[in-house]
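> let's see this in three dimensions:
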Amino acid sequence: MKKVIFALAAVVALAACSQEDVIVADKGAAIGFDTFVENSTRSVYDPSFTNDENKMFSDFAVFGYVEGAVLLDGVRVAKENLAEDQTKTGWEYEGTQYWIAGANYNFNAVAPKTNGGWTKVDDGTNKDATKLNFTNNGTTDLLYACATQQGAVSGNPMVQFDFRHVLSKVKFSFVNNYNATNAKIAVRDIEIKNAYMSATATLNADTNWSNQAGTLVIDFDDATDDEATTEVKESDAVKYAYGAIYESKNERLMIPGTAPEVTYTAKNAEGVSTTVTENAYKVTFNVDLYVGETLVKTYAHAAYAKFIPAPGTCYDIKTIINASNIDPEHSQEPIEFTVNALPGWGEYKNVDTTVSENTENN
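Predicted coordinates:
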């Protein structure tokens with residue numbers, strides 16, 4: 001999986017995740033399947049499927065072809081019966097197929113099959129691609145794998161599916177750069193308002209998304225210190241401190257593609273308002289400003305993230321909160337003090353008085 005960090009409009013970094021291949025030999029002539037999904041571990045909620053036992057999908061669909069003829073048309077492959085039958089060694093499916101020596105096989109797999117939000121498009125798509133209509137909910141991963149293999153007389157290995165993520169994954173990070181003494185901030189209610197709800201995916205060696213439509217509001221919850229990237233750590237009772245970076249409680253999944261067109265009013269550096277029309281994802285969140293433990297003000301933000309989510313790529317939308325932008329309407333000015341010159345003392349005045357001597361006994 002690729003990882004991207006960007007600050008609402010600018011891409012900052014791109015790195016690739018590593019993966020290891022897992023090959024398991026089959027003991028018979030029946031066609032069998034094994035799977036691998038790249039792993040990632042996070043302390044915030046991650047909706048991705050991984051190879052971790054608690055994060056693995058429970059089933060997937062296989063479309064199989066032998067010499068171009070349809071062999072398996074979306075058959076369900078699952079592990080649900082393995083606990084009851086210890087003689088089984090891998091993923092199971094009904095209607096067992098067998099290897100034909102010398103025959104060439106193509107296999108395509110989509111996970112999950114149950115409640116995956118997808119249906120296959122029957123438009124003559126052949127063995128080289130699988131075309132799906134997909135409905136996103138932000139929390140269900142979608143994976144695809146393909147494999148080719150030639151049948152042998154014996155010793156056929158299981159078909160190895162190295163699944164890849166075909167959606168985009170997004171999280172938010174907030175840098176607290178509001179450095180007023182005794183002030184703290186908290187970021188709440190982070191949402192993308194105009195994500196796509198549905199699209200068509202053509203899955204083969206590459207992934208192509210088209211026909212993006214509908215509107216899905218994606219909820220990322222609040223920013224939390226579970227994944228603070230500085231040494232500053234605050235308890236749940238204290239809002240996060242100056243200099244720390246905090247992340248949205250949730251990561252969410254998006255359909256890749258150019259963002260919808262939006263029109264909004266923006267102010268330039270001189271404060272002049274202009275109407276802007278562009279392709280961008282609308283992001284909203286609230287920032288609470290505390291002085292001590294007292295909530296003084298809540299600021300509602302609407303920003304526009306200009307990026308194009310790519311398949312199998314995760315994005316970190318990073319925002320720096322400081323005095324110039326905590327209030328979306330006005331830049332805060334520092335409180336300063338000045339002192340006018342004191343009025344002159346004037347001339348000394350002579351005063352006649354009598355000073356009495358102390359006559360008490362010492």
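
> use CA for all of it now, contacts and neighbours both
Noted.

> okay, now the closest residue to Ala183 other than its chain neighbours: neighbour count?
Closest residue to Ala183 apart from its sequence neighbours, by CA to CA, 6 or more residues apart in numbering: Val291 at 4.5 Å. Neighbourhood size, Val291 [other CA atoms under 10 Å]: 14.

> again with the one 10 residues further on
Using other CA under 10 Å, His301 has 16 neighbouring residues.

> low-confidence stretches in the stretch 151-300 of the chain?
Applying pLDDT under 70 to the stretch 151-300 of the chain flags residues 225-240, 269-271.

> can you give me the strands for it?
If DSSP state E, counting those that start in this stretch is used as the criterion, the strands of the stretch 151-300 of the chain fall at 159-165, 168-176, 183-195, 198-203, 207-213, 216-221, 223-224, 245-248, 252-254, 261-267, 273-279, 281-291, 294-305.

> closest to Gly312 out of these?
Counting by CA to CA, Gly312 lies closest to strand 159-165 out of these; the figure is 4.7 Å.

> which elements pack onto that closest one?
On a contact count with 3 or more CA pairs under 8 Å, 6 or more residues apart in numbering; DSSP states H and E, strand 159-165 meets strand 33-37, strand 143-150.

> for His301, what are its contacts?
Residues near His301 by CA atoms under 8 Å, 6 or more residues apart in numbering: 284-287, 328.

> and those residues, which are buried?
284-287 (16 or more other CA atoms under 10 Å).

> tell me which residue is most central in the protein.
For the chain, the residue nearest the mean C-alpha position is Val170 (2.0 Å; CA atoms, centre = their mean).

> quick one: residues contacting that one.
Applying CA under 8 Å, 6+ apart, one finds that Val170 lies in contact with 251-254, 314-317.

> the same query, at a cut-off of 10 Å, please.
3-5, 46, 138, 220, 248, 250-254, 309, 313-317 (CA atoms under 10 Å, 6 or more residues apart in numbering).

> name the residues of the one helix or strand Arg76 maps to that are buried.
In the assignment (DSSP states H and E), Arg76 maps to strand 69-78. Neighbour-count burial for strand 69-78 flags 71-72, 74-78 (criterion: 16+ other CA under 10 Å).

> dump these to a markdown table, plus distance to Trp99 and pLDDT.
Listed next are those as a markdown table, based on distance: CA to CA, whole Å; pLDDT from 0 to 100:
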| residue | distance to Trp99 | pLDDT |
| --- | --- | --- |
| Leu71 | 11 | 93 |
| Leu72 | 13 | 93 |
| Gly74 | 18 | 92 |
| Val75 | 17 | 94 |
| Arg76 | 19 | 93 |
| Val77 | 17 | 93 |
| Ala78 | 20 | 90 |
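
> touching, Gln160 and Trp91? I think so.
No: using CA atoms under 10 Å, Gln160 is not in contact with Trp91; the gap is 11.2 Å.

> residues shared between the contacts of the two?
32-35.

> quick one: buried ones out of these?
Counted by 16+ other CA under 10 Å, the shared contacts of Gln160 and Trp91 give 32-35 as buried.

> can you pull out the low-pLDDT segments for the stretch 1-150 of the chain?
The low-confidence ranges in the stretch 1-150 of the chain, as defined by pLDDT under 70, are 1-28, 38-44, 80-90, 123-126.

> if we can go back for a sec, how far away is the residue nearest to Ala183 from Gly257?
Note on Val291: its distance to Gly257, by CA to CA, to the nearest Å, is 42 Å.

> circling back to that earlier point, of the buried ones among the contacts of His301, which is the nearest to Thr215?
Nearest to Thr215 among those, with distances taken as CA to CA, is Thr284, at 15.1 Å.

> contacting residues around the closest one?
188-193, 219, 300-304.

> buried ones among these?
So, by 16+ other CA under 10 Å, the buried ones in the contacts of Thr284 are 188, 190-193, 219, 300-301, 303-304.

> tell me if I'm right that Asn136 and Val166 touch.
No: the criterion here is CA under 10 Å, and Asn136 misses it with Val166 at 12.0 Å.

> looking at those two, which is more packed in?
The residue with more neighbours, out of Asn136 and Val166 and counting by other CA under 10 Å, is Val166; that gives 26 against 23.

> cool, thanks, talk later.
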